[in-house]
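> need coordinates for the following:
(2 chains)
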2 protein chains.
Amino acid sequence: MGGDNGPQPVVVGAAAALALYPQIERLFLVGIEGELRSHLNGLPYDPDRLRIVHASEVVTMEDRAVEAVRRKKDSSLSRAVDMVKEGEADAVLSPGNTGALLAAAQIKLRTLPGVERPGLLSVMPSRVRKFVLIDVGANIEARPHHLRDYGIMGEVYARQILGYSNPAVGLFSIGTEEMKGNDLIFETQRLLRNSPVNFVGNVEGHDLFTEKVDVVVADGFTGNAVLKSCEATARVIAHWLKEEIAQNPLRRLGALLAKGVFNDLKKKANPDEYGGAMLMGVNGICIKAHGKSSANAIRAAIGVAADAVAGRVNDFIVEEIQLSHEKNHAPHPAPATAA
Amino acid sequence: MGGDNGPQPVVVGAAAALALYPQIERLFLVGIEGELRSHLNGLPYDPDRLRIVHASEVVTMEDRAVEAVRRKKDSSLSRAVDMVKEGEADAVLSPGNTGALLAAAQIKLRTLPGVERPGLLSVMPSRVRKFVLIDVGANIEARPHHLRDYGIMGEVYARQILGYSNPAVGLFSIGTEEMKGNDLIFETQRLLRNSPVNFVGNVEGHDLFTEKVDVVVADGFTGNAVLKSCEATARVIAHWLKEEIAQNPLRRLGALLAKGVFNDLKKKANPDEYGGAMLMGVNGICIKAHGKSSANAIRAAIGVAADAVAGRVNDFIVEEIQLSHEKNHAPHPAPATAA
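Okay, here's the model as predicted:
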């Protein structure tokens, strides 16, 4: 209910997802029943697999996160998270208030065993394939073991959802050399080196979008800064391109002939294609779709949620975090003795 | 001597700068004399205004910053900074090892009165005009009063070098709302509100390149991450554009007709045009040009150095920092009393 464009794109995207993903047993639309029904009206969908769950309140984009969760107990956002908590659903998806969704998920679902602070993961296009950036803003007071856990969770996502066999995990810093960074970076390097992931060391801004790294680990402040700065750069370049093309008829003709270039580029850079941001480390699958998500973006994000359930992402996270704890707390190996 | 392309582009850029900027009284080329002379050979330049200063050593890109300054006392980098320290030159410019230049400037020139930590300022293109980002990596352990000083120094740059009348100063955070950020952000907000600059509050990645802000203040870790991420985004988009254009003959023809679009865009996004990064807050003008600077980039950076001297940038910084200290330490105004 609380996305920038109301429930319409969510309803349309949900109907499309049901048709496209047979592995989804049941899809719940949570919100004001009358509104949801009116948007469903006339859409082709499988009524056996779609349920409407009424919720009387709406969390707005202006609501304060924790307050919204505490006060609006019958909001679509709260109710949807409740369904995951109660085991009625495996995953929750919302294009609404990010802070409120993160708060609801953390308060109601709690974290996975061994995880202290969840991290928000964003999928981004790269030169040849996609890469993930974690955390893009859930935890702005990251400590080294939080970042280590983000490396593990990002690696599981890249393996189980993107299908990469041995994803390269890098730690975002201000230079690639080991000594470039601050205390948070140095201590995290040590933890990641001792973790089960394929740690490739520090990466910097210039390494984004290259083959060098599949999982970029950052504290939430830096990750948020990086994600939004990349988006802003793409936007200003698109703006300049349009401006330059409009300059004279020859350019306009050229652009018309090369129209496919711009359409394909737009598609490649379009966050709609990337299935929203997943909150990694909570006990349940929780996806934040962009507030302005189109029906297609919602459909893609539902697909990612289904993949995360099928790929048992959270089981793998718990297992790897456990492994990593054992490795870090294990006593030094005893010296070999003659038999 | 220590730039990625050696002294050649520096020598060519210097000769061009002399021709273009009559306000430059004298330009010193510091380095291995024989090499510099051989590059000067055949170039048109004004010999009365150009001097070669021999320095026998070269700081490489691999040298550790502080060590390079301490050990290679006769490097071109050290000698050039020495000349500013001794008052023989007003400004120093180098495309060499960034860390070494920053260390040499901080150790030899010291900071301006009232400034605790210098900050590196980068000029970036925007939708309509340029904006500045400070700090892009000189100080990765920023405290609130450092960031306040960056706001003041960035404002002076925007006013005196870019010619903006009342530049808007924003504080980079993870959202525009006042409560979005961490303790560093909250305390800096308070200091900037009490400073002489036109403080517009928090800005986030999405505000970059917009009319909203002329001076973006960030801690060195975040600023470095943002700068390099923007550059990487521009690079990957250029890569995709080329890839998409190569797809078929129609696209190639269209791109050929619209060639001017790409050339103009390249020029707009080219850091060469922006005159390097200035280290703000040291007692002297110090500019770091990109390691791969072309002769044209060097020429532009020399122009910025000349503007900084003519615009008395450092005098204004000292004055405004002083003002801001007085404002912050002034006792509360006494209640008005009847005469």
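> how distant is the worst-scoring helix or strand of chain A on mean pLDDT from the center of its chain?
In chain A, no helix or strand scores lower on mean pLDDT, DSSP states H and E than helix A:259-269, which sits at a mean of 84. Offset of helix A:259-269 from its chain centre (C-alpha atoms, centre = their mean, to the nearest Å): 23 Å.
> is chain B contacted by that helix?
Yes: Helix A:259-269 is in contact with chain B by C-beta under 8 Å from any C-beta of the partner chain, via A:259, A:260, A:261, A:264, A:265, A:268, A:269. Where you see a C-beta, it was placed from the backbone N, CA and C, and this is true even at glycine.
> got a markdown table for these, with neighbour count too?
Converted to a markdown table, the residues of helix A:259-269 next to chain B look like this (neighbours: other C-beta atoms under 10 Å in any protein chain shown):
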| residue | neighbour count |
| --- | --- |
| A:259 | 13 |
| A:260 | 15 |
| A:261 | 25 |
| A:264 | 16 |
| A:265 | 20 |
| A:268 | 14 |
| A:269 | 21 |
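> nearest to chain B, of those?
Proximity of the residues of helix A:259-269 next to chain B to chain B (C-beta to the nearest C-beta) peaks at residue A:261, which lies at 4.2 Å.
> show me the contacts for that closest one.
Contact analysis of residue A:261 by C-beta atoms under 8 Å, 6 or more residues apart in numbering or on different chains lists B:241, B:244, B:245, B:247, B:251, B:254, B:255.
> do residue A:90 as well
A:84, A:284, A:285, A:305, A:309.
> now with 6 Å?
Contacts for residue A:90 (C-beta atoms under 6 Å, 6 or more residues apart in numbering or on different chains) come out as residue A:309.
> equivalent analysis for residue A:110, please.
Shown in contact with residue A:110 (C-beta under 6 Å, 6+ apart): residue A:283.
> phi and psi next, for it.
For residue A:110, the backbone dihedrals (degrees, to the nearest 10) come out as phi 60, psi 170.
> against chain B, how distant is it?
Distance, residue A:110 to chain B, by C-beta to the nearest C-beta, to the nearest Å: 24 Å.
> confidence score at that residue?
pLDDT, residue A:110: 97.
> for the stretch 151-300 of chain A, what lies in contact range of chain B?
By the rule C-beta under 6 Å from any C-beta of the partner chain, the part of the stretch 151-300 of chain A lying against chain B is A:174, A:182, A:204-206, A:208-209, A:221-222, A:224-226, A:228-230, A:232-234, A:236-237, A:240, A:244-245, A:250-251, A:253-255, A:257-258, A:261, A:264-265.
> in helices only, show me these.
A:221-222, A:224-226, A:228-230, A:232-234, A:236-237, A:240, A:244-245, A:250-251, A:253-255, A:257, A:261, A:264-265 (DSSP state H).
> bridged to the residue nearest the centre of chain A, which residues?
Nearest to the mean C-alpha position of chain A, by C-alpha atoms, centre = their mean, lies residue A:277 at 2.0 Å. Taking DSSP bridges as the rule, residue A:277 bridges to residue A:288.
> buried members of the residues of the stretch 151-300 of chain A next to chain B into PyMOL, please.
Buried members of those, defined by 16 or more other C-beta atoms under 10 Å in any protein chain shown, are picked up in PyMOL with:
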select buried, chain A and resi 174+204+205+206+208+209+221+222+224+225+226+228+229+230+232+233+234+236+237+240+244+245+251+254+255+257+258+261+264+265
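> separation between the residue nearest to residue A:127 when sequence neighbours are not counted and residue B:228?
Nearest non-adjacent residue to residue A:127, counting by C-beta to C-beta, 6 or more residues apart in numbering or on different chains: residue A:209, 5.6 Å away. For residue A:209, the distance to residue B:228 equals 11 Å [C-beta to C-beta, to the nearest Å].
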